[in-house]
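> A structural model of the following input is requested.
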Amino acid sequence: MPQRLGVNSVVSVSLSSVYPQEARLVCFPDAHRTTQEKFVVLGSTEVGVGKYGLVLRHRRHPERVFTTRTLRARVLEACPPTMVFRKHPHPPAAKARPQAQVSRQQRPSSSRSTNASPAAAAVAAPTPTPTPAPVPQEALPAGGPRSTTGNAVGSASTGRGRGRSHGRGRGQVRQPHQEAAAPSNAASDSSDSSSDSESDGDEDTVADGAAATSVAAHAEDPVLLTWGPWDDRGQPFDARKMAMPAATNHPATLLRQNCGIAHTALSLFRMFFPVEFVMKSVIPATNEELQRRHRGVQPMRELDFWRWLLCWLRMSLYPAASRRDFWGTAGGNSLLPVPNLADIMSRFRFDTLQSCMKLVPASTAPITPDKFWQVRPLIASFNQCMKQFNPSWLVCLDESMVAWTAEHAPGWMVVPRKPRPFGNEYHTIACWETHIIFHIELVEGKDRPSHLGPLKHVQEHGKLPALVMRMCECIADSGRVVAMDSGFGSVKAAVELINMGLFCTMVIKKRRYWPRGIDGAAALSHMHGKPVGSVAAQTATVGGRQIWLAAFADSKHTPLMLNTWGTTSRMGNQKKRRVGGERVQFQYCQYQHHYYAARHSVDDNNNIRQGSVGFEASFRTTSWDLRQFSFIIALAEANALLAYERFVHQDEAKRTSLVNFRLMLIEELMAFVSEESVAGTKKKRRSSEPTHSSEPTHSLQTRPKQSGQWDGSKFPKTSTYNKLKCRGKDLRCKEYVYTYCLCDPRTPLCCDCFAEHVVLSGWSPTH
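Take a look at the predicted model:
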């Protein structure tokens, strides 16, 4: 067992796991069986064949002695180093690992673990003589550690940084970072190196006090990681500079930038928007739904889609107005005038298209259940069209949220640290120079169908490295640098990026444990007391790939960053800090300077997309699929604005706001719709076929069962099915009916009034 637990340690145990039960009932008669109580460890005992537990004593009942299973205990206070007892012999005997010890008073305050962990089995009598070089005894991970010799007493819950759990169910709040611990010592040899035994392949972590001298890249391919000594003056080897000397001069470009095309707001929007998906999937799917629900209504064409989108763009500039105001005769309130959209599309046509809008035809639905079957081709089409953009040499990997409050939606989650915590999360990667997001991936979680199997690279490399690999496949073998926050911090992910021809800078933080292979406590201890602005680095080789860890002394914290490129040379503006009443100036290192410049790329794009006049917020819908469609529209608009600023406008002094860009887009889209309408009219006049009216035909329809009066887009469901008063004959008809005319579902009509309505309209089937 790689960890030890000493006498007089304090652990927390549920009363249901405390034995004997008779003594428990006598000492705790009023406590619930799931209540957690604190106990003092007296020693260890055998609780079964080959199973060991702890001997406990409660402070209020010192005369009683209790026992519990090892993996049921949770360490609250580690034992003094002078009172350590060993594990009972258990064949085959594990090789003893030398481990130095120090007093708890010498332990750095920054490296103490405030999050307690369940204890490992304490198993022999106390050692009478302490070892000469003490090291603090660290609390063990939840559920007990995994033994490096194969005798595991428990396993910890797995997860990813920042509480990201790819397998969490709907409505589940993200929990703090919980990963399995695989501690090892500085003097351990290669035969005792730990291996990853998790079935899902998640990234492992080490306990705070254990020296991280070994890391397993995968259960089938363990990799020994040995860190070199800390260097406070040297410059790490910059592998990227040797591979690509002029890589930092690689700017962001458009593939069609040098083709003689004058980019406009509309052309940039169409470049980043999946138009082909709309033509081949959205329009046929909508027409299929129109045919099913509204027979006789003219099918949707490409021009109708652009008119529908034009109406939404104009309505998004007036978030306080309701939808009916845009088709009112008064043009909204006198204090809030809004445009009349009747000249673009009638309200009936707009409401009909909105209610029948679908992304994928229902006839192509899969046989097996899949909640994401309509969204997957949309995301794939967006990623495909974004290949027209060539990002710069530095990119940022982060997350984006799509607001949605219905907790029963697919992949729904709660991320409290986000400005909009409820909804769906997308992993996104953006260019540092332009802030354009060029690749996205929806987090499906437990709603992912089991018949589809695990995501790509998960079985070979684990969830976290596989996620980083999938997001960076579009820029593989390009020598770019990927900046990632602590949620993606992993030694395995950094090594896999090197194998893909990429470099990275990632922040390393301790959630509950440090990422496996990173001895963060030793780094913080090494930097303790150093002046602000100092930097130290240590290198390691993993599978023939060189990585290095840098620690920088700042005024309030010591950021740790794992790098596969760059040096510690100073660059950038002077940073000012006030330390002890004095002002200190320093410069960031090269890796820091570029990371802090790129880390807000995705967030800046999200701020544009989710602003006060953002398209996504103004797009009101009750369909989860259309909410994801509105996210793609808003993202394409934000990308088009950023591309317009970078490649067309190019004026740093006078930036283009989202409102001004949307007004340009609306103006160009109205001109496009008008030209298409004129061209379609001329073509129709030259045709020898008889023309048909674009208005819906008159047909007497019956209101659906258990529905109420038309609300503008549909008949809402009700608990009763009441007749409505006929509104024919100038409201003098006294009949109550279920029927209405197809041209105006808002007006209930009886049979006589319907006939009069058809005659007065002058309509005929051959007109």
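> Show the low-confidence segments of the stretch 251-400 of the chain, by residue range.
Along the stretch 251-400 of the chain, the model assigns pLDDT under 70 to residues 256-262, 329-335.
> Show me where it has its helices.
265-272, 275-277, 283-293, 302-315, 347-356, 376-385 (DSSP state H, counting those that start in this stretch).
> Who are the packing partners of the longest one?
Contacts defined by 3 or more CB pairs under 8 Å, 6 or more residues apart in numbering; DSSP states H and E place helix 302-315 against helix 347-356, helix 615-618, helix 658-686. The way it works is simple: take the backbone N, C-alpha and C, and place the C-beta from them, glycine included.
> Kindly report the same for the third one.
Under the contact criterion of 3+ CB pairs under 8 Å, 6+ apart, helix 283-293 touches helix 347-356.
> which one of the helices of the stretch 251-400 of the chain lies closest to residue 717?
helix 347-356 (13.6 Å; CB to CB).
> Quick one: list the elements packing against that closest one.
For helix 347-356, the elements it packs on are helix 283-293, helix 302-315, judged by 3+ CB pairs under 8 Å, 6+ apart.
> neighbouring contacts of that helix?
286, 289-290, 293-294, 297, 300, 304, 308, 311, 324, 327, 341, 621, 696, 712-714, 743-745 (CB atoms under 8 Å, 6 or more residues apart in numbering).
> got the CA coordinates for that helix in PDB?
This file holds the C-alpha atoms of helix 347-356, laid out as PDB (Å, rounded to 0.1, in the frame of the first residue of the first chain):
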ATOM      1  CA  ARG A 347     -47.900  37.100 -40.000                       C
ATOM      2  CA  PHE A 348     -49.800  33.900 -40.900                       C
ATOM      3  CA  ARG A 349     -47.000  32.800 -43.100                       C
ATOM      4  CA  PHE A 350     -44.400  33.600 -40.500                       C
ATOM      5  CA  ASP A 351     -46.300  31.800 -37.700                       C
ATOM      6  CA  THR A 352     -46.900  28.800 -39.900                       C
ATOM      7  CA  LEU A 353     -43.200  28.500 -40.900                       C
ATOM      8  CA  GLN A 354     -42.100  29.000 -37.300                       C
ATOM      9  CA  SER A 355     -44.400  26.300 -35.900                       C
ATOM     10  CA  CYS A 356     -43.400  23.800 -38.600                       C
END
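> Pull the number of nearby residues for residue 354.
20 (other CB atoms under 10 Å).
> what would the helices and strands packed on helix 302-315 look like in CSV with distance to residue 728?
Below are these laid out as CSV (distance: least, CB to CB, whole Å):
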stretch, distance to residue 728
helix 347-356, 18
helix 615-618, 37
helix 658-686, 34
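> These: which one's closest to residue 731?
helix 347-356 (20.7 Å).
> got a markdown table for the helices and strands packed on helix 347-356, with distance to residue 21 and mean neighbour count too?
Output for these, formatted as a markdown table (distance: least, CB to CB, whole Å; neighbours: other CB atoms under 10 Å):
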| stretch | distance to residue 21 | mean neighbour count |
| --- | --- | --- |
| helix 283-293 | 62 | 18 |
| helix 302-315 | 66 | 19 |
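> Select, out of these, the one closest to residue 645.
helix 302-315 (19.0 Å).
> quick one, that closest one and helix 265-272 angle?
110 degrees (axes from the mean of the first three to the mean of the last three CA atoms, to 10 degrees).
> Residues touching helix 302-315, excluding its own?
So helix 302-315 is in contact with 278-279, 282-283, 321, 323, 326, 339, 341, 344-345, 349-350, 353-354, 357, 615, 618-619, 633, 662, 665-666, 669-670, 672-673, 676-677, 680, going by CB under 8 Å, 6+ apart.
> what's the closest of the helices of the stretch 251-400 of the chain to residue 733?
helix 347-356 (22.4 Å).
> Show me how far the closest one is from its chain's centre.
The chain centre lies 33 Å from the centre of helix 347-356; the measure is CA atoms, centre = their mean, to the nearest Å.
> ok, now stretch 505-519?
With CA atoms, centre = their mean, you get 19 Å for stretch 505-519.
> heads up, I number from 102, so please use that
Okay, residue one is now 102; in that scheme the one you just asked about reads as stretch 606-620.
> what's the first-to-last distance across it?
End-to-end distance for stretch 606-620, by CA to CA, to the nearest Å: 17 Å.
> and if you look at stretch 583-594?
Its first and final residues considered, stretch 583-594 spans 11 Å by CA to CA.
> And the average pLDDT for it is what?
The average pLDDT within stretch 583-594 is 93.
> Can you mark which positions in that stretch are buried?
Buried residues in stretch 583-594, counted by 16 or more other CB atoms under 10 Å: 583, 584, 585, 586, 587, 588, 589, 590, 591, 592, 593, 594.
> Could you check how far the second one is from residue 695?
By that I understand residue 584. In this view, residue 584 and residue 695 are 7 Å apart by CB to CB, to the nearest Å.
> Could you tell me which residues touch both of the two?
495, 533, 606.
> Most neighbours of all those, which one?
Neighbour count (other CB under 10 Å) singles out residue 606 as the most crowded of the shared contacts of residue 584 and residue 695, with 25 neighbours.
> And the closest residue in space to residue 720 that isn't next to it in sequence, what's its pLDDT?
Among residues not flanking residue 720 along the chain, residue 731 sits closest, at 3.9 Å (CB to CB, 6 or more residues apart in numbering). pLDDT for residue 731: 96.
> Wasn't residue 731 part of a helix?
Yes - checked against DSSP: H, G, I helix; E, B strand; the rest coil, residue 731 lies within a helix.
> That one - how many residues pack around it?
22.
> Equivalent analysis for residue 329, please.
12.
> hang on, it packs against residue 647?
No - the pair residue 329 / residue 647 is not scored as a contact, 10.4 Å apart, by CB atoms under 8 Å.
> Okay, buried residues for the lengthiest strand in the chain please.
As assigned by DSSP state E, the longest strand anywhere in the chain is strand 137-149. For strand 137-149, a neighbour-count test (16+ other CB under 10 Å) marks 138, 140, 141, 142, 143, 145, 146 as buried.
> Pull up the per-residue confidence for the last one.
Going back to what we said before, that points to residue 146. The model reports residue 146 with a pLDDT of 80.
> Disregarding residues adjacent in the polypeptide, which is nearest to it?
residue 156 (5.3 Å).
> residues in contact with that neighbour?
Residue 156 touches 142, 143, 144, 145, 146, 166, 167, 168, counting by CB under 8 Å, 6+ apart.
> Residue 695 is in what secondary structure piece?
helix 691-699 (DSSP states H and E).
> Tell me which residues are up against the next helix or strand after that helix.
Using DSSP H and E, the helix or strand that follows helix 691-699 in sequence is helix 702-710. Residues outside helix 702-710 that contact it (CB under 8 Å, 6+ apart): 496-502, 529-533, 536-538, 715-717, 732, 735-736, 738-740, 742-743, 759.
> Could you identify the buried members of those?
Judged by 16+ other CB under 10 Å, buried ones among those: 496-502, 529-533, 536-538, 715-717, 732, 735-736, 738-740, 742-743, 759.
> Can you flag which of the residues you listed belong to strands?
496, 497, 498, 499, 500, 501, 502, 529, 530, 531, 532, 538.
> could you dump the residues you listed to JSON lines with distance to residue 855?
Putting these into JSON lines (distance: CB to CB, whole Å) gives the following:
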{"residue": "496", "distance to residue 855": "62"}
{"residue": "497", "distance to residue 855": "61"}
{"residue": "498", "distance to residue 855": "61"}
{"residue": "499", "distance to residue 855": "58"}
{"residue": "500", "distance to residue 855": "55"}
{"residue": "501", "distance to residue 855": "51"}
{"residue": "502", "distance to residue 855": "49"}
{"residue": "529", "distance to residue 855": "53"}
{"residue": "530", "distance to residue 855": "58"}
{"residue": "531", "distance to residue 855": "57"}
{"residue": "532", "distance to residue 855": "59"}
{"residue": "538", "distance to residue 855": "53"}
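> of those, closest to residue 653?
residue 497 (19.5 Å).
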